[in-house]
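Trainee: Need coordinates for the below:
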Amino acid sequence: MTDFGAIDALLAGAGKQVPLPPVGERRILREELDLSRAQLAQALGVSPSTVAGWESGRDPSGETRVKYAYFLDGARTKLAADPAREAPADEPEARVVADAGQTVSQDDGDQDELAVAQPCVLCGQPARHQVAGFPQHLDPAECTTTPAAAQPAPAPEPTPEPAPAPAPAGVQRGRGGTGGPGQDSRGVRVVAAGRRVRPADAPDPLAGRIPAAVAAALAEHGGDVAEATAALVKRAIPDAMALLDQARTGGRYDVVAHPWLPDVLRKQTARGADQIWEARPKWTRPELPAGAHEITALDVNGAYLSALKTHLPLGQLEHSDSGRHDRRRAGIHLITPPDWDHDAYLPNPIGQRDEPGPLWVTEPTLRLLLRISGPKYGLCEAPVIHESWTSGATEGLLEKFRITLKDARDRAIADGDDVTLEYVKAMYAKFVSTMGESNYNRELYRTDWMHLIRSQAFANLWLKAHRAYDEGLIVVRAMGTDELHVAGDWRAVFPEGRGVTEVKVKDVYTVGDAADVTPEEA
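Mentor: You can find the predicted model right below:
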């Protein structure tokens with residue numbers, strides 16, 4: 001009877017997940033109570049970035065979901081009982097945060113809410129948050145257009161007064177040259193454009209660069225799609241560097257393009273590799289449960305494009321043997337990795353490495369290990385840091401560059417424009433692969449950046465594998481940066497599509513029958 005009692009207890013405790021309000025309402029409920037993300041995160045035992053993820057489209061699970069639902073329900077009840085406040089449903093749509101392809105920072109506690117708005121380090125517009133100690137917008141869209149909520153209210157109509165004496169040509173009356181009585185008081189809406197401003201309704205020069213290049217290539221080759229595509233792919237590297245330069249115009253950081261590099265970042269032989277371990281996963285689950293399993297091979301879209309959002313060192317790397325990790329810096333680290341006891345169902349976050357002992361890893365790998373060793377995950381011990389080569393860093397260094405490429409990719413997919421799609425893919429893929437000591441790109445020698453971006457892509461894939469496992473799927477394989485094999489209802493976990501926040505099906509196959517076929521034999 002013991003087995004039946006356990007089953008009865010399991011059935012008694014089972015139930016559907018607690019429902020949550022729509023994504024757009026969650027942030028409004030919190031803000032209507034004048035609560036910051038940090039305050040709510042502390043009460044729920046999570047990080048502010050986790051709360052930001054819930055307010056941007058992610059859903060918590062387990063006990064945390066129950067607590068979050070309890071808070072939201074209580075907030076809704078409290079606001080409904082307060083006649084001095086409007087119901088959250090009446091709030092303008094402008095307050096709803098859209099995803100826009102931005103991933104929430106992987107590092108718990110890496111972003112904070114500012115008491116007083118400060119200029120964003122990327123665009124100069126007022127920002128209410130800081131990431132890794134630097135004021136930044138969490139939504140990339142706010143770096144290109146001024147939010148509607150931040151626009152000044154229209155000036156009231158002036159009281160008619162006697163017309164003043166004419167001013168000399170080219171001179172405006174009023175304080176700050178804003179125009180005086182008798183002149184148009186509506187003003188011109190402007191947005192930041194590097195150190196300058198431009199009219200808000202003027203076309204974004206970054207957004208127009210890629211369509212102009214495609215149009216010119218098609219015209220040059222008489223509309224021949226294949227020839228135009230080949231020509232664009234051939235010039236993808238210099239075009240990507242020109243786009244990066246334009247995206248960095250007016251930036252507040254000076255980037256060292258050709259820094260001195262420590263020996264560990266230099267190739268050991270002419271055709272060999274350096275000493276950096278990128279943690280590329282190549283993992284297959286050793287055993288599946290008995291029975292037949294339909295396995296779906298998922299393709300992660302734009303893996304390297306998403307990985308451009310990572311903590312990159314700005315200047316020349318500096319050595320440290322303190323054994324401590326400074327979240328305001330980024331680089332490479334010599335560590336002794338922790339033991340990994342979960343190979344039966346999850347890949348090792350440092351990949352398949354047979355050699356024991358210390359190894360050089362990148363910032364994304366170290367941050368991932370530190371994250372999953374914490375109390376929230378508790379999957380392993382913390383790595384031991386022996387020495388580091390780091391520099392002051394920011395996560396948003398390539399953000400305008402990334403968003404421009406992402407938007408061009410999205411438009412190309414929507415329009416069925418294969419020429420632009422292949423051109424954009426070549427731009428970000430070759431940008432990543434040639435920023436080391438490459439003869440194809442002599443404008444930027446940042447081998448450390450190349451390793452960091454690649455490792456970020458691997459870390460992103462590992463996080464997707466963990467999310468699949470956490471949501472009840474069977475993780476079967478994890479390969480490189482963009483391939484994840486799972487068994488189960490994956491559509492309940494990952495959105496399907498061609499966007500960078502979505503996945504698409506690469507293959508579907510069945511494993512397991514009376515002959516007990518293993519994944520390797522399949």
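
Trainee: Ile335 belongs to a helix?
Mentor: No - going by DSSP: H, G, I helix; E, B strand; the rest coil, the assignment for Ile335 is strand, not a helix.

Trainee: Based on its surroundings, how many neighbours for the nearest residue to it once chain neighbours are set aside?
Mentor: Setting aside the residues directly before and after it, Ile335 is nearest to Pro383 in space (CB to CB, 6 or more residues apart in numbering), at 4.3 Å. From N, CA and C alone the C-beta is placed, and that goes for glycine too. Using other CB atoms under 10 Å, Pro383 has 22 neighbouring residues.

Trainee: repeat for Arg266
Mentor: 12.

Trainee: Quick one: the helices in the stretch 301-450 of the chain, in order.
Mentor: 303-307, 363-372, 399-415, 418-434, 447-470 (DSSP state H, counting those that start in this stretch).

Trainee: mind putting the ones you listed in TSV, mean pLDDT included?
Mentor: Shown next, in TSV, are the helices of the stretch 301-450 of the chain (pLDDT from 0 to 100):
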stretch	mean pLDDT
helix 303-307	95
helix 363-372	96
helix 399-415	94
helix 418-434	94
helix 447-470	95
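
Trainee: how about these in TSV, adding distance to Gly272 and mean neighbour count?
Mentor: Shown next, in TSV, are the helices of the stretch 301-450 of the chain (distance: least, CB to CB, whole Å; neighbours: other CB atoms under 10 Å):
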stretch	distance to Gly272	mean neighbour count
helix 303-307	23	23
helix 363-372	21	24
helix 399-415	30	20
helix 418-434	17	21
helix 447-470	13	23
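
Trainee: Ala230: which of these is closest?
Mentor: helix 418-434 (9.1 Å; CB to CB).

Trainee: can you give me how far that closest one is from the chain middle?
Mentor: With CA atoms, centre = their mean, to the nearest Å as the basis, helix 418-434 stands 19 Å off its chain's centre.

Trainee: From the contact counts, what lies against it?
Mentor: helix 205-220, helix 225-234, helix 236-248, helix 303-307, helix 399-415, helix 447-470 (3 or more CB pairs under 8 Å, 6 or more residues apart in numbering; DSSP states H and E).

Trainee: Next one: Asp224 relative to Asp415, how far apart?
Mentor: 19 Å (CB to CB, to the nearest Å).

Trainee: what do you get for Pro375?
Mentor: In terms of CB to CB, Pro375 sits 47 Å off from Asp415.

Trainee: Each with direction, which strands does the longest strand along the chain pair with?
Mentor: Criterion DSSP state E: the longest strand present in the chain is strand 384-394. Using DSSP bridges, strand 384-394 pairs in its sheet with strand 312-313 (antiparallel), strand 318-320 (antiparallel), strand 329-336 (antiparallel).

Trainee: contacts for the first one?
Mentor: If I follow you right, that is strand 312-313. The contact list for strand 312-313, computed with CB atoms under 8 Å, 6 or more residues apart in numbering, reads 329-331, 390-395, 397-398, 448-449, 452-453.

Trainee: do that again at 7 Å, thanks
Mentor: Contacts to strand 312-313, defined as CB atoms under 7 Å, 6 or more residues apart in numbering, come from residues Ala330, Gly331, Thr390, Ser391, Ala393, Thr394, Leu397, Leu398, Asp448, Trp449, Leu452.

Trainee: And for the second one?
Mentor: Contact partners of strand 318-320, identified using CB under 7 Å, 6+ apart, comprise Glu387, Ser388, Trp389, Thr390, Ser391.

Trainee: most surrounded residue in the residues you listed?
Mentor: Within the contacts of strand 318-320, most neighbours by other CB under 10 Å means Ser388, with 25 neighbours.

Trainee: Please report how far it lies from Thr365.
Mentor: 13 Å.

Trainee: do Lys425 as well
Mentor: To Thr365, Lys425 is 25 Å away according to CB to CB.

Trainee: Leu314 now?
Mentor: For Leu314 relative to Thr365 (CB to CB), the value is 20 Å.

Trainee: can you check Gly74 too?
Mentor: The spacing between Gly74 and Thr365, counted by CB to CB, is 40 Å.

Trainee: Likewise for Tyr428?
Mentor: Separation of Tyr428 from Thr365 (CB to CB): 21 Å.

Trainee: Ok, Ile474 next?
Mentor: Ile474 is 25 Å from Thr365, where distance means CB to CB.

Trainee: Kindly report the same for Arg328.
Mentor: Distance from Arg328 to Thr365, by CB to CB: 18 Å.

Trainee: For this structure, which residues score under the pLDDT cut-off?
Mentor: 1-16, 49, 83-112, 115-116, 120-124, 130-186, 191-198, 200-204, 249-254, 514-522 (pLDDT under 70).

Trainee: Please repeat the previous calculation with a cut-off of 50.
Mentor: Flagging of the chain using pLDDT under 50 yields the residue ranges 1, 86-110, 144-155, 167-183, 514, 517-519, 521-522.

Trainee: Which residues belonging to stretch 235-247 are considered buried?
Mentor: For stretch 235-247, burial by neighbour count (16 or more other CB atoms under 10 Å) applies to Ala236, Ile237, Asp239, Ala240, Met241, Leu243, Leu244, Ala247.

Trainee: correct me, but the last one touches Lys400?
Mentor: Yes - Ala247 sits in contact with Lys400 when judged by CB atoms under 7 Å, with a separation of 4.1 Å.

Trainee: Can you work out which residues contact both of those two?
Mentor: Contacts common to Ala247 and Lys400, judged by CB under 7 Å, 6+ apart, are Leu206.

Trainee: ok so, going back, let's have the contacts of strand 318-320 in JSON lines, adding distance to Val51.
Mentor: Listed next are the contacts of strand 318-320 as JSON lines, based on distance: CB to CB, whole Å:
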{"residue": "Glu387", "distance to Val51": "35"}
{"residue": "Ser388", "distance to Val51": "30"}
{"residue": "Trp389", "distance to Val51": "34"}
{"residue": "Thr390", "distance to Val51": "29"}
{"residue": "Ser391", "distance to Val51": "30"}
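
Trainee: Now the terminal residues of stretch 267-277, how far apart.
Mentor: End-to-end distance for stretch 267-277: 13 Å, by CA to CA, to the nearest Å.

Trainee: Tell me which residues touch the closest residue to Leu398 other than its chain neighbours, please.
Mentor: Using CB to CB, 6+ apart and skipping the chain neighbours, the partner closest in space to Leu398 is Leu308 (4.6 Å). Neighbouring residues of Leu308 by CB under 7 Å, 6+ apart: Leu398, Phe401, Arg402, Tyr428, Ile453.
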